[in-house]
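Asks: model the structure of this input:
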Amino acid sequence: MIKGISMLAAATILGISNVATGAGPAYADTCSWQAGNHCRAIMHWKVKAINGIGEWVKPDYQCFTVTDTSAYFVNSEMWAGYADDEQWIEAGDTVGHPWGSSVTHFWAEGNDGDYHEYKIPDAATNFPRNFTIDLDSDKKWRVRLDGIVSGVSTLPGNPATNADVGMESTDPNARAEAEIAALDYTDTNGGIHNGWNSSNYHPTSFTRGNFSVGWITKYTDLAVNAQTCTDAPAKLPRAAESQAAPVTPEGINRTVSGFLRGNGDLTPERVEAVKTSKSVVELNRNGGTQNKVPVTIVQAVGKFTGHQARLPAGKKIPRGRYLTVTLETATGNVLDWGISSRSINLPSLGMVQRIR
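Replies: Numbers count the residues shown, from 1 in each chain. The predicted structure follows:
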């Protein structure tokens, strides 16, 4: 536990654990792994127009996990998007599928039904980091980790009209605590403001399941909790993780099985793969990932529902005919994954191998 005391308890001591009422945290209906019913503890901020948001994410590294890291996930993060469209961009820290039991930095975007999620490579993850999501002068949204560009979004270059910050999980029994600090936003003139608040627009809290959110410093620092780890076992259960090994058809099949199981189609029409020496940047038409390593692109064809997508509250579930996974060929590690209505032209990248 950070500083030996639950961060939500600290917020409660300050008497501001629920921004709207000042009362103790309220629990909404039950939650599950199904998209649209994910467990949540967030602050939602509907605004007229903003060009960026920022945060420091501080998960409790001794209390940030799910009961099965091969199936579930828990995030501490922020989202920016458009209130009336199925478009958003997000960034933060996560544990669980498909990234494993260690805290991993990530970013993702939803774009009119398509969903893509990317690992942000980092040699050292176990300390607080600064994430920003900015609409730059060239009208492109970019994710930055500690000021360094980690991803370039495909979203339209329009100001965002809502922002969320907090915790999301597919595991009702997740045990996780985090502080999200130094919230700021950028207005449409480029001015940076401390705190998520303005004269006409104020954040509101939302929870689903046994999850809680509260302000530590109003509009600037908040605490988010799943079940506290105070009375938990010394080591929470974690799924055994495979060791890094070069990509093989058997390894591809094991990896893709987790995605198929979690996203609605256990028996796709086919699963194919291509090994290529092209960089991840070129393959994903994405300017953020810096690992220019040989990769293997896996594509499944079926009917997929993105239950494992990390998405803002109230957005529609990503659905698509194609599920894709990018693996580092030398290690088998997942670099990104997505669900889309559009296919990747695998033959243009190399020799296609049938996996299923």
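
Asks: looks like L266 contacts G258 (just checking).
Replies: No - using Cβ atoms under 8 Å as the test, L266 is too far from G258 to be in contact (11.0 Å). Yep, even glycine has a C-beta here, placed from its N, CA and C like the rest.

Asks: burial measure for A181, as a count.
Replies: A count of neighbours around A181, defined by other Cβ atoms under 10 Å, yields 17.

Asks: L266 and G258 - which one has more neighbours?
Replies: Counted by other Cβ under 10 Å, L266 and G258 do not tie: G258 has more neighbours, with 16 against 10.

Asks: doesn't the more buried one belong to a helix?
Replies: Yes - applying DSSP: H, G, I helix; E, B strand; the rest coil, one finds G258 inside a helix.

Asks: quick one: contacts for it?
Replies: Shown in contact with G258 (Cβ atoms under 8 Å, 6 or more residues apart in numbering): S70, A71, H97, P98.

Asks: nearest residue to L260 other than its sequence neighbours?
Replies: Nearest residue to L260, sequence neighbours excluded (Cβ to Cβ, 6 or more residues apart in numbering): L266, at 5.5 Å.

Asks: ugh, typo on my part, it should be Y201
Replies: Leaving out its chain neighbours, the residue that sits closest to Y201 by Cβ to Cβ, 6+ apart is V47, at 4.7 Å.

Asks: in a helix, W56, correct?
Replies: No - W56 is assigned strand when assessed by three-state DSSP, not a helix.

Asks: pretty sure it sits against T132.
Replies: No - the criterion here is Cβ under 8 Å, and W56 misses it with T132 at 10.3 Å.

Asks: which one of the two is surrounded by more residues?
Replies: Between W56 and T132, T132 has the larger neighbour count (other Cβ under 10 Å), namely 21 against 15.

Asks: that one falls within a strand, correct?
Replies: Yes - the assignment for T132 (three-state DSSP) places it in a strand.

Asks: partners of it in the sheet?
Replies: For T132, the beta-bridge partners are G54, R144 (DSSP bridges).

Asks: and what of T204?
Replies: Per DSSP bridges, the residues bridged to T204 are H44.

Asks: quick one: the residue nearest to L260 from G306, how far?
Replies: According to Cβ to Cβ, to the nearest Å, L266 stands 15 Å off from G306.

Asks: and the spatially closest residue to G209 that is not a sequence neighbour, helix, strand or coil?
Replies: Leaving aside its chain neighbours, G209 sits nearest to C31 (3.4 Å; criterion: Cβ to Cβ, 6+ apart). The three-state label given to C31 by three-state DSSP is coil.
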